[in-house]
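Peer 1: compute the structure for the input listed below.
(2 chains)
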Amino acid sequence: MSEKYDEIPMAGNIIKPGNATEYKTGGWRSKRPVHIPEKCLWVKNGTCGLCWIFCPDDAIRLEEKDGEYVHIYDYDYCKGCGICAEQCPVDAIKMEDE
Amino acid sequence: MSKVTSAKRVPAEQITIEGLTGDAAIAHALKQCDLDVLAAYPITPQTIIVEDFQKFVANGEVDTRVIPVESEHSAMSACIGASAVGGRVGTATASAGLALMWEILYCAASMRMPIVLNVANRALSAPINIHNDWSDSYGARDSGFIQIYTQSCQEAYDTTIMAFKLAEDHDVLLPAMVCIDGFILSHNVERVEMLPTEAVHDFLGTREPVLPLNPDDPITMGPLALTDYYFEFKEQQDEAMKNVPKAFKKVEEEFEKMTGRSYGMYEEYKTEDAEIIILTHSTTGGTAKAVADTLREKGEKVGVLRLRMFRPFPTEEIREILAGAKAVAVFEKCRSFGAASNPLALEVRTALYDLDERPMVADFVVGLGGRDVPPTTIVDGIRKTEEYLEKGEAPLYETLGVRK
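Peer 2: Coordinates of the predicted model:
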């Protein structure tokens, strides 16, 4: 965001393919999802994953590390829409003000 | 581009001389410019350009892909696509056609596509009118196109060729509009000296696109740019426009080596000691010069500044020329409804405003919808200007040649 007008490609052309990952959208967020692992079905037994399915920004990662199930938010891309909290069947996600 | 080719004077025996209309002269120029694509919709009085060009293609005289489109909106869109992959592209239009291109004109300029657009200036509706005034291209003056207005068929031919070299210059990369007066020039036969095609090819060379679309190295053109970057891209565009005069001079110098002809951003005619300078362009410039000749014979100090380039506007240069005069009589074929005055006079007044001693500016709207602008109309304007000089003030604008 800090480049001057003569330091950017001509005419708004995007000269590197697939660079949308560099476009962080997390700055839009006014509410942040907070995870409560004790309630989470993914953490408990590796089932459910509705938050992962419904996240429109691919900002939730469900991973398996050293035999343990973990739940991670990517706050660079989470816009705070709250869909994950809405979809969670066990209220393991709550939205808090930024 | 902008690299200096070794332009040499074309020997006289290689020059073809023909009687051509302005449209035909432009069609010949486009043929010799070796276009990759021409996408255009025929509209009066531009029609002959596209007709003649299609004939050249049908006869195998030129290897250009012509895209016959259903409207001018599509014509300019197709031109942008072709230009984006690195082609040399031309099109032509007039009046309502230019108005229909409006949205895409901005895309062509903002995407920095060096397309050459020939405009046969014609009035805008309503009532529908096919004859000449400048309302169409004046309406597009802020679109980011370079605008050059020509006075003769020869000038139209020469300028069309030069326009490609100017537009494709890497310091510029902006589309260019080359304008002729509808019917007055577009359908009027004049003597035109044509260069051999090889000479035009040598002069222009092949277009060297900076960032073309290429499936092997994909890029995105014309994407979204919001509050965070849009302003910066406009700054780039403005910078490119500022580079035009320098690039134009270089192109003309080279063209002059080849042909002995050059025109400049404007033509000064007997302005040196002139008390009243007529400022106008296109064919009205020719009439104005004839008027100046006649009045000079009577000892009246009248000169003409015939503008060629309206965008970018040669502010500094014009300021210097006009500063010495008592008054500037602007003659223009366009009315900007509700404005303080009209497009050409607005520019001139702005250019002069910062001078300590300004010449008086009198603005005359003439020739709307093809109304004839005979020498007597110009003389009327000069007489009025003299009156205003005596009174010490001029109206912001007035119309001449209308029944009132």
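Peer 1: contacting residues for residue B:151?
Peer 2: Contact partners of residue B:151, counting by C-beta atoms under 8 Å, 6 or more residues apart in numbering or on different chains, are B:185, B:267, B:281, B:282, B:283, B:285, B:286, B:306. From N, CA and C alone the C-beta is placed, and that goes for glycine too.
Peer 1: how about those, which pair is most distant?
Peer 2: The distance between the two most remote of those (C-beta to C-beta) is 15.6 Å, for B:185 and B:267.
Peer 1: please identify which of these two sits among more neighbours.
Peer 2: Shown here are residue B:185 and residue B:267; by other C-beta atoms under 10 Å in any protein chain shown, residue B:185 has more neighbours (28 against 17).
Peer 1: what sits against the residue nearest to that one when sequence neighbours are not counted?
Peer 2: Excluding its sequence neighbours, the residue lying closest to residue B:185 (C-beta to C-beta, 6 or more residues apart in numbering or on different chains) is residue B:22, at 3.8 Å. Residues near residue B:22 by C-beta under 8 Å, 6+ apart: B:120, B:153, B:156, B:180, B:181, B:185, B:186, B:187, B:188, B:190.
Peer 1: and for residue B:209?
Peer 2: With contacts defined as C-beta under 8 Å, 6+ apart, the neighbours of residue B:209 are B:85, B:86.
Peer 1: that one in helix, strand or coil?
Peer 2: coil (DSSP: H, G, I helix; E, B strand; the rest coil).
Peer 1: contact residues of chain A facing chain B?
Peer 2: Residues of chain A lying close to chain B (C-beta under 8 Å from any C-beta of the partner chain) are A:1, A:3-6, A:8-17.
Peer 1: circling back: distance of the residue nearest to residue B:185 relative to chain A?
Peer 2: Between residue B:22 and chain A the computed distance is 32 Å (C-beta to the nearest C-beta, to the nearest Å).
Peer 1: show me the shaky parts of chain A.
Peer 2: For chain A, residues meeting the criterion pLDDT under 70 lie at A:1.
Peer 1: how about a cut-off of 80?
Peer 2: A:1-2 (pLDDT under 80).
Peer 1: okay, which residue is most central for it?
Peer 2: Among the residues of chain A, residue A:59 comes closest to the average C-alpha position under C-alpha atoms, centre = their mean, at 1.9 Å.
Peer 1: might you report the residue contacts of it?
Peer 2: Contacts of residue A:59 (C-beta under 8 Å, 6+ apart): A:26, A:73, A:74, A:75, A:76, A:77, A:78, A:79.
Peer 1: dump the residues you listed to TSV, plus secondary structure and neighbour count.
Peer 2: Output for the contacts of residue A:59, formatted as TSV (DSSP: H, G, I helix; E, B strand; the rest coil; neighbours: other C-beta atoms under 10 Å in any protein chain shown):
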residue	secondary structure	neighbour count
A:26	helix	17
A:73	strand	19
A:74	coil	14
A:75	coil	15
A:76	coil	14
A:77	coil	18
A:78	coil	21
A:79	coil	17
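Peer 1: relative to residue B:171, which of the residues you listed is nearest.
Peer 2: residue A:76 (38.7 Å).
Peer 1: and that closest one, how far from chain B?
Peer 2: 17 Å.
Peer 1: sorry, back to before: just the contacts of residue B:151: which are in strands?
Peer 2: B:267, B:281, B:306 (DSSP state E).
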